[in-house]
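below are the sequence and a predicted model; questions follow.
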Amino acid sequence: MPSSLRDQWTRFVALPSGRRFASRNRQRRTRPTGLARKVLVIGAGCVLLVIGAAMLVLPGPGILVMIIGGALIAEESLIAARFLDRCDIWIARRILRWRQRRAARKVR
């Protein structure tokens, strides 16, 4: 990965769960962008969502593709960014519960 992409990923992951996507959306809004870019990014995100949904029944990493598509849409839409932040919190809680149950089983 190029260093700039790696730095962006490191900053994104360093933010607390539940604020990552909205914070990224606010950062993108500070830079001037044209209407064509917004349409292309949202369009690409929608296409990836549809392809990911198809991959749920076809072979392929459907959930991963859908997450990437949602993240692209969240770059330009605050509503989508807030939704992904809520999903991020929900997934983090589920993973924490799973780890706690797994650790409790190992102790027995």
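Nice, thanks for sending it over.

C-alpha only now, for contacts and for neighbours.
Fine.

quick check, central residue of this protein?
Per C-alpha atoms, centre = their mean, the C-alpha nearest to the average position across the chain is that of Ala71, at 4.3 Å.

return the per-residue confidence for that residue.
You'll see Ala71 listed with a pLDDT of 86.

show me what contacts it?
Each residue near Ala71 by C-alpha atoms under 8 Å, 6 or more residues apart in numbering is listed here: Phe21, Gly45, Ala81, Leu84.

for the last one, what are its contacts?
For Leu84, the set of contacting residues under the criterion of C-alpha under 8 Å, 6+ apart consists of Phe21, Gly70, Ala71, Ala74.

Ile63 now?
Gly52, Ala53, Met55, Leu56.

just the ones of the contacts of Ala71 in strands?
Judged by DSSP state E, strands contain none of those.

so what's Ile42 closest to, chain neighbours aside?
Ile73 (4.9 Å; C-alpha to C-alpha, 6 or more residues apart in numbering).

contacting residues for the one you found?
Counted by C-alpha under 8 Å, 6+ apart, Ile73 has contacts Val41, Ile42, Gly45, Cys46, Ala80, Ala81.

make it 7 Å
Ile73 makes contacts with Val41, Ile42, Gly45, Ala80, as judged by C-alpha atoms under 7 Å, 6 or more residues apart in numbering.

quick revisit: look up how far Arg93 lies from the residue nearest to the centre of the chain.
Distance, Ala71 to Arg93, by C-alpha to C-alpha, to the nearest Å: 20 Å.
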